[in-house]
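> Build me a model:
(one chain, ligands or ions: 1)
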Amino acid sequence: MLEFYVRSKLRRGQLRECPAGEYVDGFAGWMRSAGYKRRPGQLRLRGAAHLGCWAAARGVPTDRISEAVLGAFVRHLASCSCPHAFQGRGRSHQEGGQLFVTHLRAVGVGLSSPTPATESVPPVLEQFSAWMRHHRGVRVSTLGNYLPLLHEFVVALGDDAVTYDAAGVRAFILARASRAGRGRAKSLVNAVRMFLRFLAVRGSCPADLAAAVPRIASWRLTALPRYLVADDIARLLATCNPDTTAGARDRAVMLLCVRLGLRAGDVRDLRLADVDWSRGALRVLGKGRCETWLPLPQEVGDAILHYLERFRPAISDDHVFLRVHAPLGPLPSSGPITKLVRDHFLYAFDLPPQDGEVCRLELRRFRHSNHDAVRIEDEREAIVLDEAKAQHAFVEGSCLVGVPGRHEGDDVDSTLAFRASFGLGVHYPVSS
Ligand SMILES: [Zn+2]
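From the prediction side, this is the model:
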């Protein structure tokens, strides 16, 4: 419903990521059902966000804004010079703040623990704020996002940092991030990581505890399935029409990703000589240019052959996958591979277009759908494997795939090899 009041995507993002962010969608829906028109609703949303930012900068989380905090906010408006995007002195800010608190009460937020405006921030957080400003040059508005979250952290784990451990830190983040939007989850992870580093510098907690904080990228995928099951893969592949050049190529590309765990760059760099049709194997120069032979499953081999025979332009370049449109030739980078996988993925699962980073992560998840499914399901933070681990999984995966319906010396193989070279009119080595 926020879309009704705020048309700018950027502005909606700002609203959702401000300290009151997790409540703005609910607030917008509540105003809509109460009959607020677009402009009045917009102004009240701004006032609500202003209140949330202002309170957060004083260590009061949105769900603990009391009548007293609201009163202090109204007094603040006369001389507001807040550093954030929602600052302002108009009457609409007051109305927005008041209506927002009314809404919060209506949905049962903040009733249990009314907090006086004077409630003090724990001393350790005050010291953290000072440290962040002096040693890290962090802006007050950023601290305004961090402090309420860290306040909750200190309440949940206690103020004796000596007792903190990795399990406790992770449990807090998992629980807290599950009820926050993407932007807030990012703030949460950053805040906790910085806070633990600060504590480590002071010698209050183990130096490696900050490493226990999960990486933020995993939260970006929480709205999506965490790995692709067989049905998902079938659904994805079904988005390619094998009777067109692009469809035939894309299907082969996606099969290489999903069945063999190839990364976009591996697929882009694949040469005709890298396919050994007689052995049913595929040569990949992975990271570090180390040569690996992977078994080529029947389904994947068939898809590549279908593209090579019927659609690949017969030009002198020896890359397996070429551009669909002029100028014909190899793909300029791995980008188009990533993009095509992303586009099919979004289409198959009826998702809105996403930004580049999500696109990269989708391809990674796609790659690991065969090999890492169990691990990813069990450990959410394992979704984003670091490169070393990814390479390991890739090599491991090649052992797991197996070669269904393909054996050395099998007639099908030599036929395939023959047809491949014949269909292309290009000679390339077929090992005997
Ligand atoms: Zn202000």
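
> Backbone dihedrals for Phe86, please?
phi -110, psi 10 (degrees, to the nearest 10).

> pLDDT wise, what is it at?
pLDDT, Phe86: 92.

> quick one, what contacts it?
Phe86 is in contact with 14, 18, 46-47, 49-50, 53, counting by Cβ atoms under 8 Å, 6 or more residues apart in numbering. Every residue, glycine included, has its C-beta placed from N, CA and C.

> same check, this time on His76
Trp54.

> Use 17 as the first number from now on
That works, and once the first residue is 17, the last one we named lands at His92.

> Kindly confirm my reading that it forms part of a strand.
No. With DSSP: H, G, I helix; E, B strand; the rest coil as the criterion, His92 is assigned helix and is not in a strand.

> And it, how far from Pro164?
To Pro164, His92 is 17 Å away according to Cβ to Cβ, to the nearest Å.

> ok so, going back, so among the contacts of Phe102, which ones count as buried?
By neighbour count, with 16 or more other Cβ atoms under 10 Å, the contacts of Phe102 hold 30, 34, 62-63, 65-66, 69 as buried.

> Could you tell me which of these belong to strands?
Among these, no residue falls in strands (DSSP state E).

> buried ones in stretch 37-52?
Going by 16+ other Cβ under 10 Å, stretch 37-52 has these buried residues: 37-44, 46-48, 52.

> Please tell me I have it right and Glu111 contacts Leu59.
Yes. Glu111 lies in contact with Leu59 (Cβ atoms under 8 Å); the separation is 7.4 Å.

> quick one: which of those two has more around it?
Comparing Glu111 with Leu59 by other Cβ atoms under 10 Å, the one with more neighbours is Leu59, at 20 against 15.

> Now flag whichever of the buried ones among the contacts of Phe102 is closest to the ion.
His66 (5.7 Å; Cβ to the ion).

> show me what contacts that closest one?
So His66 contacts 89, 96, 98, 100, 102-104, 109, 112-113 (Cβ under 8 Å, 6+ apart).

> so which of the residues you listed also contact the ion?
96, 98, 103 (Cβ under 5 Å from the ion).

> In this structure, where is pLDDT below threshold?
126-136, 157, 194-199, 231-246, 302-306, 366-448 (pLDDT under 70).

> for the stretch 67-216 of the chain, what spans make up the helices?
Here the stretch 67-216 of the chain has its helices, by DSSP state H, counting those that start in this stretch, at 83-93, 107-122, 139-152, 156-173, 182-193, 198-217.

> Using a markdown table, please lay out the ones you listed together with distance to Val283.
Output for the helices of the stretch 67-216 of the chain, formatted as a markdown table (distance: least, Cβ to Cβ, whole Å):
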| stretch | distance to Val283 |
| --- | --- |
| helix 83-93 | 55 |
| helix 107-122 | 50 |
| helix 139-152 | 41 |
| helix 156-173 | 40 |
| helix 182-193 | 33 |
| helix 198-217 | 29 |
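
> returning to that earlier point: ok, which pair from the buried ones among the contacts of Phe102 is furthest apart?
Distance extremes for the buried ones among the contacts of Phe102: the farthest pair is Gln30 and Gly63 at 14.2 Å, using Cβ to Cβ.

> In terms of helices and strands, where is Val300?
strand 297-301 (DSSP states H and E).

> helices or strands next to that strand in the packing?
Contacts defined by 3 or more Cβ pairs under 8 Å, 6 or more residues apart in numbering; DSSP states H and E place strand 297-301 against helix 261-276, helix 280-285, strand 291-292, strand 307-311.

> How many residues are close by Val208?
Applying other Cβ under 10 Å, we find 25 residues neighbouring Val208.

> gap between it and the ion?
Here the criterion is Cβ to the ion, to the nearest Å. By it, Val208 lies 27 Å from the ion.

> Spit out the contact partners of His360.
252, 255-256, 266, 270.

> okay, those residues in a markdown table with neighbour count and distance to the ion next?
A markdown table is the format used below for the contacts of His360 (neighbours: other Cβ atoms under 10 Å; distance: Cβ to the ion, whole Å):
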| residue | neighbour count | distance to the ion |
| --- | --- | --- |
| Leu252 | 22 | 48 |
| Thr255 | 17 | 49 |
| Cys256 | 22 | 53 |
| Asp266 | 25 | 51 |
| Met270 | 24 | 51 |
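
> The residues you listed: which two are farthest apart?
Taking Cβ to Cβ, the two most distant members of these are Leu252 and Asp266; they sit 10.2 Å apart.

> Buried members of the contacts of His66 into PyMOL, please.
A single PyMOL command selects the buried members of the contacts of His66 (16+ other Cβ under 10 Å):
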select buried, resi 89+98+100+102+103+109+112+113
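
> Would you format the contacts of His66 as TSV with distance to Ile353 included?
TSV is the format used below for the contacts of His66 (distance: Cβ to Cβ, whole Å):
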residue	distance to Ile353
Phe89	51
Cys96	50
Cys98	46
His100	40
Phe102	41
Gln103	45
Gly104	47
His109	49
Gly112	47
Gly113	50
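
> Looking at the contacts of His66, which one is closest to Pro230?
His100 (27.3 Å).

> Domains in this structure, by residue range?
Annotated domains of the chain cover 18-122, 139-230, 246-440 [automatic domain parsing].

> Can you list the buried residues in stretch 221-229?
221-222, 225-226, 228-229.

> Of those, just say which sits nearest to Thr260.
Val229 (46.2 Å).

> how close does the spatially closest residue to that closest one that is not a sequence neighbour sit to Leu165?
Leaving aside its sequence neighbours, Val229 sits nearest to Arg209 (Cβ to Cβ, 6 or more residues apart in numbering; 4.5 Å). Here Arg209 is placed at a distance of 11 Å from Leu165 (Cβ to Cβ).

> Compare those two and say which one has the larger neighbour count.
Leu165 (24 against 20).

> contacting residues around that one?
Here Leu165 is in contact with 77, 192, 200, 203-204, 207-208 (Cβ under 8 Å, 6+ apart).

> same thing but at 10 Å, please
Counting by Cβ atoms under 10 Å, 6 or more residues apart in numbering, Leu165 touches 35, 72, 77, 188-189, 192, 196, 200, 203-208, 211.

> Could you do Arg149 as well?
155-156, 158-159.

> out of the residues you listed, which one sits closest to Leu286?
Thr158 (44.8 Å).

> Touching, that closest one and Asn206? I think so.
Yes. Between Thr158 and Asn206 there is a contact under Cβ atoms under 10 Å: 8.7 Å.

> For Ala280, the count of nearby residues, please.
Using other Cβ under 10 Å, Ala280 has 25 neighbouring residues.

> just the domains of the chain: most buried one?
Highest mean neighbour count among the domains of the chain (mean count of other Cβ atoms under 10 Å): domain 18-122, with a mean of 19.

> what about that domain, start to end distance?
Domain 18-122 stretches 19 Å from its first residue to its last (Cα to Cα, to the nearest Å).
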